[in-house]
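>>> Give me coordinates for this.
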Amino acid sequence: MNLRPDQLAAQLAKPLAPLWVLHGDEPLLVLEAADAIRAAARKQGYEERETLVVGQGFKWESLALAAGNLSLFGGARLIDLRIPTGKAGRDGGEALQRYVARLPEQTLTLVTLPGLDWATRKTAWFRTLTDAGNTIELKAPERERLPDWIARRLAVQKQSATPDALAFIAEHVEGNLLAAHQEILKLGLLHGEGALSLEQVQEAVLDVARYDIDGLRQAVVEGESARCARLLEGLRGEGAAPPLVLWALANEVRTLASLRAGQDAGQPLAALYKSERVFDERRKRQLGHALSRLPLGALTAALLHAARIDRIIKGLAPGDVWDEFLQLALRLARRA
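As a prediction, the model looks like this:
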């Protein structure tokens, strides 16, 4: 059964299901959910725990042996299976399917995985896990929902903050939930219960945003000029390789140009997304908004601009590469 993250607490108050599967792109949330399941298991008498970490050289026979081993004291136990790569391979897939077909008695099995790609989600072993157990996908909150996420975390420690303060925290911890968690705990230590002012937050919160390439691509397609400038400044400060930044921007331009050309030719957008291997619904919405404001001529000019930046990087043309990155990003982020 697929569960939403907000349904976990209610499920843990009941007798626990024998199989739990956690996966997601945010390690902090996966870790917290796993800790909550392990704590609930201890309360319900699962006193023994065996941890298996799938890595190089891992023998999948270990899972079968763990299932067959009797509890030392004859009580309930927890098998904690972790697959950090999210890839089980053929042997692992077969072993997982055999394991699920005969789940051991008096045993709670917890399987934790990272964020999974589309192909992994379609594998027989993953479908077997999700069909047999309680499955929760734990994703980082979308950027526009990050202030609400921070507000809920503050409320747990009986604190609140103004919308401006919440927006300030979100801007400075963007893309790094672990850092956000640490900053929220720090606010709890520095200040007592009650409302936090913007000034208090500004004094306490560090700029711990993780300036990454994906964030820049998202800002470009969403038309957020100020965020593009801030992300580029962060990438420059962190010493990001210009060819990597150019690849990300040029790849986004090529995708948009292909979609725009097909759309102008009368092809259905759904078919165009499929041909460009765009399956995520949120990304479809983002690209759709970008297409509504960027004509094919503007995208063609952006491709020529990217080619000029490539010559600058190679020393074949004069110019400041980071200034050109900013100009290209602003060209793509322009509003209709």
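>>> Which positions in the strand or helix carrying Leu287 come out as buried?
Assignment of secondary structure by DSSP states H and E places Leu287 within helix 281-293. Buried residues in helix 281-293, counted by 16 or more other CB atoms under 10 Å: Gln286, Leu287, Ala290, Leu291. All C-beta atoms are positioned from the backbone trio N, CA, C, and that covers glycine.
>>> Mind listing residues that contact whichever helix or strand comes after it?
As assigned by DSSP H and E, the chain's next helix or strand after helix 281-293 is helix 296-313. Residues outside helix 296-313 that contact it (CB atoms under 8 Å, 6 or more residues apart in numbering) are 242-243, 246, 249-250, 253-254, 256-257, 260-261, 264, 317-321, 324-325, 327-328, 331-332, 334.
>>> Strands of the stretch 101-250 of the chain, start to end?
Shown for the stretch 101-250 of the chain, the strands assigned by DSSP state E, counting those that start in this stretch span residues 107-113, 134-137, 159-161, 194-196.
>>> tell me the most buried of these?
For the strands of the stretch 101-250 of the chain, average neighbour numbers computed from mean count of other CB atoms under 10 Å are highest in strand 107-113, which has a mean of 23.
>>> Pairing partners for that one, with directions?
Here strand 107-113 is paired, per DSSP bridges, with strand 19-23 (parallel), strand 76-82 (parallel).
>>> center of the chain, which residue is that?
For the chain, the residue nearest the mean C-alpha position is Asp25 (3.3 Å; CA atoms, centre = their mean).
>>> List the contacts of the nearest residue to that residue once chain neighbours are set aside.
Closest residue to Asp25 in three dimensions, ignoring its sequence neighbours and counting by CB to CB, 6 or more residues apart in numbering: Gly115, at 3.2 Å. When contacts are counted by CB under 8 Å, 6+ apart, Gly115 touches His23, Gly24, Asp25, Glu26, Gly86, Lys139.
>>> Could you single out the nearest of those to Val54?
Gly86 (9.6 Å; CB to CB).
>>> With Glu94 as the reference, measure out to that closest one.
17 Å (CB to CB, to the nearest Å).
>>> Then Ile37?
Computed as CB to CB, the Ile37 to Glu94 distance reads 26 Å.
>>> what does Leu299 give?
The span separating Leu299 from Glu94 equals 47 Å under the rule CB to CB.
>>> Same check on Gly175?
For Gly175, the distance to Glu94 (CB to CB) stands at 37 Å.
>>> Who has more neighbours out of the two?
Neighbour comparison, Gly175 and Glu94: the larger count goes to Gly175, with 19 against 14 (by other CB atoms under 10 Å).
>>> What are the phi and psi values at the more buried one?
Gly175 has phi and psi values of phi 80, psi 10 when expressed as degrees, to the nearest 10.
>>> looking at it, it is touching Leu216, isn't it?
No: under the contact definition of CB atoms under 8 Å, Gly175 does not touch Leu216, with a separation of 10.7 Å.
>>> before we move on, the earlier item: which one of the strands paired with strand 107-113 lies closest to Glu276?
Distances from Glu276 to each of these were compared by CB to CB, and the smallest falls on strand 19-23, at 25.0 Å.
>>> starting at the chain centroid, how far to that closest one?
Distance of strand 19-23 from its chain centroid, counting by CA atoms, centre = their mean, to the nearest Å, is 17 Å.
>>> Would you confirm that Gly262 contacts Lys274?
No: with contact defined as CB under 8 Å, Gly262 does not count as touching Lys274 (11.0 Å).
>>> what about the helices in the stretch 51-200 of the chain?
Under the criterion DSSP state H, counting those that start in this stretch, helices of the stretch 51-200 of the chain are mapped to 61-68, 89-101, 118-121, 124-132, 146-156, 163-173, 177-190, 198-204.
>>> picking up where we left off before, more crowded one of Gly262 and Lys274?
Comparing Gly262 with Lys274 by neighbour count (other CB under 10 Å), the higher total belongs to Gly262, at 17 against 11.
>>> which ones are touching the nearest residue to that one once chain neighbours are set aside?
Distances taken as CB to CB, 6+ apart place Leu272 nearest to Gly262, at 4.4 Å, with adjacent residues excluded. For Leu272, the residues meeting the contact criterion (CB under 8 Å, 6+ apart) are Ser258, Leu259, Gly262, Gln263.
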